[in-house]
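In: with the sequence up front, the predicted model follows.
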Amino acid sequence: MMSETRVIPSGKVYRQLFDAQVQLSRTLHDTRRKREGNEWSLYNDNAPVTRDTDTGNGIKTAANHVLADLTIRDQLSSGARYLQETEEQSVEEEVRGLPDTIVVEKLGSDIIERLAEKKAKDHAETLDQLHQDLAVLSMEYESFLREAADDFLRKLSASNEETEKLMRSMGSHAELSTHTLHVAVLLKKCTQTLEKIGHVAAADIHRLIDSEAMMINQATLANRRALARLFLNLTEKDLQGALSHRLHWQEKLQEWKNMKVQASVHRFKEIMSSPQILRPQGVQATLGTLQTEQQSLGQRRLKVLQSFSSMVPPRCSKDLAAEWYSSLSAVNEQIDSLHINSVTKIRLYYEQTWQDCLVEVDKFKEEVSGYGLASDDIQEIVSKELLPVLGQSQCQSEEWIEEIDRAFESLAKRIGALSKGLFGFAQKLAHLWEMHGAGLQRREHQLQDQLEKLSHKKEAELDMMLDRLRQESSEEALRISLSKTLHILEEITN
């Protein structure tokens, strides 16, 4: 039926529509293909017309073939049309079978929420994996640096020990004295040997040995000067290396201090930007209580304002208007007191929060002083980095509190002006009703006087008619007088 309504799961709606469209397209395509195939078979099955030798028989045979072909073509065409109509009807019935109204199980799909949750989960897992990888890499790098530093210290210590040993051996006087004795023994031995040979005179031999000794002494002195110069150069190089190492160490130490200080400053800024500082829990609780009390007092004020509609004549009076205004003013004063007390509490909570921030500043000073910074440097960092952030947060909080205070003050003035306007309107309404009531009373007295005068007049006329009725002698006159009397009596009664 066309009006059939089925409940289809939300995730299968588009899939079923797509499948139905594909099925419909395929059915129509198959129908067209079958129809074209039938027409092609009819065209190929047409037999050629044969002619007999006799003219008459040939014409009849050709006519019979033509009629037979036309009959077969009509039958096949009608059959093809019937098949086509049957296929089209089945397609139409399938299309009609599709539901007109698709009712999903729920109004919306949660695919977006699930995708958002999956992205958030993947994001958190990626960050956790990054932190874990960084921690592992940091541990590996730290162990590598520690091993390299220990190896460097061992090699440096061994090199220093070897250098000290060499310097001590070069500066040893005992070895130098032994060397001198060996040279003297060799010279003396050589002198004795040359004297025994006797090739030259003894004086020449002594002069030759003296010259050799002098050359040896000069070479020794030159070596001592070179050794002293080498020792001086090594000492200068060592001092320069020590100075360079110390400067490098001081630079790295300063970088480490700066890194630690920046980390402490960043941690302090994170604390200052946290919700506990921007909107403390006490402030949040006060705002929640303020909202609840505002709703309660607002309902009370609404009831008082709705009672204004009951001040309609004849219950409208100045005393009632004054009582209504007193009730409204009491509720307004309670609301104003609530606003003032709430602002005071918020200000006190923020002052306590600022004191906690000063405590954090003191903790920062203690932490940074442990890094070896001077008190002047610490105070400079506090003045340049911490106090501006603290001052900015304090200024923002004070501006927010002032905005709330001004808004409450403006609201109180506006509500007071509107309340006074309603009270003035009620007083004018009561005054107008009193004037109208006084006018009605005066008019009532006037009408009462006129009614009494008219009654006296009618009573006098009635008395006169009664007297005339007593005096009439004829029946007609009595009837007329009685009619007039009844008329006057009816007027008096009404």
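Out: Cool, got the structure.

In: just name the shakiest helix or strand of the protein by mean pLDDT.
Out: strand 5-8 (a mean of 45; mean pLDDT, DSSP states H and E).

In: run through the stretch 201-350 of the chain and note the low-pLDDT ranges.
Out: Nowhere does the stretch 201-350 of the chain drop to pLDDT under 70.

In: ok, now with 90
Out: Regions of the stretch 201-350 of the chain meeting the criterion pLDDT under 90 cover residues 201-239, 241-242, 245, 249-250, 252-254, 256-258, 260, 269-282, 304-325.

In: what about the helices in it?
Out: Assigned by DSSP state H, counting those that start in this stretch, the helices in the stretch 201-350 of the chain fall at 202-272, 275-278, 281-306, 318-369.

In: okay, those, which one's buried deepest?
Out: helix 318-369 (a mean of 16; mean count of other C-beta atoms under 10 Å). Bear in mind the C-beta positions are built from the backbone N, C-alpha and C, glycine included.

In: any idea how the protein splits into domains?
Out: By the assignment in automatic domain parsing, the chain contains the domains 5-104, 111-241, 273-488.

In: now stretch 228-235: how far from the chain's centre is it?
Out: 70 Å (C-alpha atoms, centre = their mean, to the nearest Å).

In: please disregard the earlier target; I meant stretch 455-473.
Out: 101 Å.

In: start at 14, not 1
Out: Done: numbering now begins at 14, and the last item shifts to stretch 468-486.

In: tell me which of the domains of the chain is the most buried.
Out: Comparing these by mean count of other C-beta under 10 Å gives domain 286-501 as most buried, with a mean of 14.

In: so how far is it from its chain's centroid?
Out: 39 Å.

In: just the terminal-to-terminal distance for it.
Out: One end of domain 286-501 to the other measures 99 Å (C-alpha to C-alpha, to the nearest Å).

In: before we move on, the earlier item: can you redo the helices of the stretch 214-363 of the chain as TSV with distance to E457?
Out: Below are the helices of the stretch 214-363 of the chain laid out as TSV (distance: least, C-beta to C-beta, whole Å):
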stretch	distance to E457
helix 215-285	79
helix 288-291	72
helix 294-319	34
helix 331-382	22
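
In: follow-up on the earlier one: for K265, find the nearest of the domains of the chain.
Out: Closest to K265 of those, according to C-beta to C-beta: domain 124-254, at 11.9 Å.

In: what about that closest one, how long is it end to end?
Out: End-to-end span of domain 124-254 (C-alpha to C-alpha): 67 Å.

In: can I get the domains of the chain in a markdown table with distance to M272?
Out: Output for the domains of the chain, formatted as a markdown table (distance: least, C-beta to C-beta, whole Å):
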| stretch | distance to M272 |
| --- | --- |
| domain 18-117 | 54 |
| domain 124-254 | 14 |
| domain 286-501 | 10 |
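
In: closest to W269 out of those?
Out: Proximity to W269 (C-beta to C-beta) singles out domain 286-501 among these, at 7.9 Å.

In: report the rounded mean pLDDT for the top helix by length along the chain.
Out: For the chain, the longest helix by residue count, based on DSSP state H, is helix 400-484. The average pLDDT within helix 400-484 is 86.

In: which secondary structure elements does it contact?
Out: Other elements packing on helix 400-484 under the criterion 3 or more C-beta pairs under 8 Å, 6 or more residues apart in numbering; DSSP states H and E are helix 215-285, helix 288-291, helix 331-382, helix 488-506.

In: okay, the angle between the third one and helix 400-484?
Out: Using axes from the mean of the first three to the mean of the last three C-alpha atoms, to 10 degrees, the inter-axis angle of helix 331-382 relative to helix 400-484 is 170 degrees.

In: now do the last one
Out: Here the directions of helix 488-506 and helix 400-484 differ by 160 degrees (the same axes, to 10 degrees).

In: is T40 in a helix, a strand, or coil?
Out: Secondary structure state of T40, per DSSP: H, G, I helix; E, B strand; the rest coil, is helix.

In: which residues touch the nearest residue to L475 once chain neighbours are set aside?
Out: Closest residue in space to L475, ignoring its immediate chain neighbours: I501 at 4.9 Å, by C-beta to C-beta, 6 or more residues apart in numbering. With contact taken as C-beta atoms under 8 Å, 6 or more residues apart in numbering, I501 is in contact with 471, 474-475, 478.

In: name the nearest of those relative to M448.
Out: K471 (34.2 Å).

In: who touches the closest one in this structure?
Out: 501, 504-505.

In: turn these into TSV, including distance to E373 and pLDDT.
Out: Below are the contacts of K471 laid out as TSV (distance: C-beta to C-beta, whole Å; pLDDT from 0 to 100):
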residue	distance to E373	pLDDT
I501	107	73
E504	101	73
I505	101	71
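
In: now the phi/psi pair for R292, please.
Out: Main-chain torsions, R292, degrees, to the nearest 10: phi -130, psi 90.

In: what's the end-to-end length of stretch 392-400?
Out: End-to-end distance of stretch 392-400 (C-alpha to C-alpha): 10 Å.

In: which other residues reach that stretch?
Out: Residues outside stretch 392-400 that contact it (C-beta under 8 Å, 6+ apart): 274, 278, 281, 374, 377-378, 381, 386.

In: quick one: the residues you listed as a markdown table, columns for distance to L464 too.
Out: Converted to a markdown table, the contacts of stretch 392-400 look like this (distance: C-beta to C-beta, whole Å):
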| residue | distance to L464 |
| --- | --- |
| V274 | 105 |
| V278 | 99 |
| F281 | 95 |
| V374 | 94 |
| F377 | 98 |
| K378 | 101 |
| V381 | 104 |
| L386 | 109 |
